[in-house]
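Asker: My questions are about this predicted structure, shown below with the sequence.
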Amino acid sequence: MQQHAQTIAQKYQTDQDRWINAAANIRQPYWDWASNTVPPPEVISLTKVTITTPDGRRTSVDNPLYHYKFHPIDGSFPDPYSGWKTTLRQPTSESPNARDNVSRLKRLTFSLPSPA
């Protein structure tokens, strides 16, 4: 990931030093699920995100964290996953036409097991 970020940073025409520094320090996104069990909107509900392009313009793109599109679907996936073309957040069912159910996901609460 870092190597790809560094290659991309070299293409930026504005604030290139800032982008190169950011690429050198990039980290995999995560959230502290023990603190807040519901993932952030950037992961579960934002279908588009705004990015800065190499020429300095801001543009809206498909959110790469929202859904991963399988291409092709891995043959080792068992049912129902073998029928889903993308990752889903709290699927509505096990059918091939299942959809995300983000509102239900936001209502779920998880608890850590009590220490023995």
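Answerer: On my side now, so go ahead. Numbers count the residues shown, from 1 in each chain.

Asker: residue contacts, the closest residue to residue 15 other than its chain neighbours?
Answerer: For residue 15, ignoring the flanking residues on the chain, the nearest one in space by C-beta to C-beta, 6 or more residues apart in numbering is residue 56 at 7.7 Å. All C-beta spots, glycine's among them, are computed from the backbone N, C-alpha and C. By C-beta atoms under 8 Å, 6 or more residues apart in numbering, residue 56 lies in contact with 12-15.

Asker: As JSON lines, those with distance to residue 29 and neighbour count would be great.
Answerer: Listed next are those as JSON lines, based on distance: C-beta to C-beta, whole Å; neighbours: other C-beta atoms under 10 Å:
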{"residue": "12", "distance to residue 29": "20", "neighbour count": "19"}
{"residue": "13", "distance to residue 29": "26", "neighbour count": "10"}
{"residue": "14", "distance to residue 29": "24", "neighbour count": "12"}
{"residue": "15", "distance to residue 29": "21", "neighbour count": "13"}
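
Asker: out of those residues, which one sits closest to residue 84?
Answerer: Minimum distance to residue 84 across the contacts of residue 56 is 35.9 Å, recorded for residue 12 (C-beta to C-beta).

Asker: Okay, and the closest one sits in which element?
Answerer: If you go by DSSP states H and E, residue 12 is not part of any helix or strand.

Asker: next one: residue 96
Answerer: Residue 96 belongs to no helix or strand, assigned by DSSP H and E.

Asker: Kindly provide the distance from it to residue 86.
Answerer: Distance of residue 96 to residue 86, computed by C-beta to C-beta, to the nearest Å: 12 Å.

Asker: and the protein, what are its domains?
Answerer: 1-30, 35-107 (automatic domain parsing).

Asker: still on that earlier bit, max pairwise distance over the contacts of residue 56: which two?
Answerer: The farthest-apart pair in the contacts of residue 56, when distances are taken by C-beta to C-beta, is 13 and 15, at 8.8 Å.

Asker: what about the residue nearest to residue 15, distance to residue 7?
Answerer: Applying C-beta to C-beta, the value for residue 56 to residue 7 is 18 Å.
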